[in-house]
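Peer 1: fold the following for me, if possible:
(one chain, ligands or ions: 1)
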Amino acid sequence: MSVRPIIHVMVGALADADGRILVTQRPAHVHQGGLWEFPGGKLEPQEMPEQGLARELAEELGIEVRASRPLIRIHHDYGDRRVLLDVRRVIDYSGTAHGREGQPLAWLAPEEMDSARFPAADRPIISALRLPSLLLITGADPRQADDFLVRLEQSLACGVRLVQLRAHELSAAAYAQLADAAFERCERVGAKLLLNRDPAEVADCARHGLHLGSRQLMACATRPGCATDLIGASCHDPAQLAHAAALRVDYALLSPVKVTATHPEASPLGWSRFAEWVEAAQVPVYALGGLTADDLPEAIEHGAQGIAAIQGLWNKNNCR
Ligand SMILES: Nc1nc2c([nH]c(=O)n2[C@@H]2O[C@H](COP(=O)(O)OP(=O)(O)OP(=O)(O)O)[C@@H](O)[C@H]2O)c(=O)[nH]1
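Peer 2: Modelled structure (predicted):
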């Protein structure tokens with residue numbers, strides 16, 4: 001049986017001043033016809049990825065791309081073809097985007113995107129567009145609630161917009177109380193709060209999502225059905241990343257990238273193994289372990305959605 005070659009497709013995420021992203025509708029007669037997609041097309045032989053993206057967006061939209069950065073790479077098998085969607089965020093361009101091939105265009109906030117109206121491979125792209133590049137995991141000491149909430153507010157003031165409430169030392173009742181207070185702080189600034197706790201224990205707590213530990217992840221056969229808009233999971237190897245993607249979680253954490261104070265015994269992955277595992281993952285992945293916001297550009301170049309950190313993002317009196 002012949003192996004079908006992988007079609008390398010360059011895809012652009014182009015935002016307007018309000019953060020809405022440009023989507024276009026595929027003609028009815030082509031592969032995945034009638035669905036909405038992100039603009040782009042096949043990389044030509046001998047072409048460099050950024051050059052291919054610039055050519056496609058010039059042809060389709062009449063714009064000149066000046067700079068872009070990696071967002072996510074998705075390998076997907078449609079049965080009749082295998083594609084690699086190499087998605088880049090366009091960070092600088094000139095011109096006014098218009099449908100040069102007569103295709104309908106729309107600008108949508110990532111939250112407005114209905115993945116059922118996009119090709120199946122695009123679901124993780126929509127998740128990646130919804131997620132920020134920094135994820136704070138709360139640090140010490142949740143038993144001192146007042147001080148803890150001040151530190152949380154400081155991190156939010158520094159721009160953190162996704163927070164995982166990690167406080168394993170608390171009883172279920174104390175955790176629930178802290179979760180309500182943390183939720184209120186996050187809501188005030190439009191940040192999202194993820195609870196890292198047994199879903200049954202926190203059923204009544206206000207939150208935007210749940211974070212599963214790697215053991216909880218591997219014990220789930222389907223995406224946990226609780227009514228939350230975000231679910232993420234901790235992963236340490238390719239099998240866990242694959243399971244996270246199969247459950248359709250919105251993001252994974254992959255650790256440890258570097259040596260950490262909290263897990264000194266774990267051997268670090270390093271950036272090249274991190275990148276290799278992320279390449280095979282069908283889900284946005286945050287790099288975790290010994291990282292700070294200064295590592296963000298390197299993480300993004302190695303395929304990460306961004307970085308997650310306790311020490312690197314918590315307890316900051318000033319913003320970097
Ligand atoms: N541009 C783009 N392509 C996507 C997205 N999602 C996705 O699965 N694809 C797939 O990636 C391939 C893009 O190729 P294309 O747009 O240049 O090619 P096409 O199918 O229109 O042309 P063809 O008739 O020559 O095969 C298609 O198989 C398409 O279904 C997306 O969001 N944007």
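
Peer 1: what's around Ala67, how many residues?
Peer 2: 12 (other CB atoms under 10 Å). Every residue, glycine included, has its C-beta placed from N, CA and C.

Peer 1: in its sheet, what does whichever strand or helix holds it sit against?
Peer 2: Using DSSP states H and E, Ala67 sits within strand 64-77. Looking at strand 64-77 with DSSP bridges, its partner strands are strand 82-94 (antiparallel).

Peer 1: the strand it pairs with close to the ligand?
Peer 2: Yes - residues of strand 82-94 contacting the ligand under CB under 6 Å from any ligand atom: Val83, Leu85.

Peer 1: please apply the same query to stretch 9-29.
Peer 2: Yes - using CB under 6 Å from any ligand atom, stretch 9-29 comes into contact with the ligand via Val9, Val11.

Peer 1: need the residues of this protein near the ligand, please.
Peer 2: 9, 11, 30-32, 37-38, 40-42, 81, 83, 85, 119, 121-122.

Peer 1: tell me which two of the residues you listed sit farthest apart.
Peer 2: Phe38 and Arg81 (17.6 Å; CB to CB).

Peer 1: which of those two has more neighbours?
Peer 2: Neighbours per residue, other CB under 10 Å: of Phe38 and Arg81, the larger number sits with Phe38, 23 against 12.

Peer 1: state the distance from that one to Asp18.
Peer 2: Phe38 is 17 Å from Asp18, where distance means CB to CB, to the nearest Å.

Peer 1: please apply the same query to Pro110.
Peer 2: 12 Å.

Peer 1: quick one, which of the two is more surrounded?
Peer 2: Pro110 (17 against 7).

Peer 1: my read: the more buried one touches Ile125, true?
Peer 2: No - the pair Pro110 / Ile125 is not scored as a contact, 9.4 Å apart, by CB atoms under 8 Å.

Peer 1: off-centre distance for the longest helix seen in the chain?
Peer 2: Identified as the longest helix of the chain according to DSSP state H is helix 172-189. Here helix 172-189 shows a centroid-to-chain-centroid distance of 23 Å under the convention CA atoms, centre = their mean, to the nearest Å.

Peer 1: what about the residue of the stretch 151-300 of the chain found nearest the ligand, neighbour count?
Peer 2: The minimum distance from the stretch 151-300 of the chain to the ligand, using CB to the nearest ligand atom, falls at Gln282 (12.4 Å). Per other CB under 10 Å, the neighbour tally for Gln282 reads 20.

Peer 1: leaving out sequence neighbours, find the closest residue to it.
Peer 2: Leaving aside its sequence neighbours, Gln282 sits nearest to Ala245 (CB to CB, 6 or more residues apart in numbering; 3.9 Å).

Peer 1: sec struct for the one you found, please.
Peer 2: helix (DSSP: H, G, I helix; E, B strand; the rest coil).

Peer 1: tell me if I'm right that it and Val285 touch.
Peer 2: No - Ala245 lies out of contact with Val285 (CB under 8 Å); the separation is 9.8 Å.
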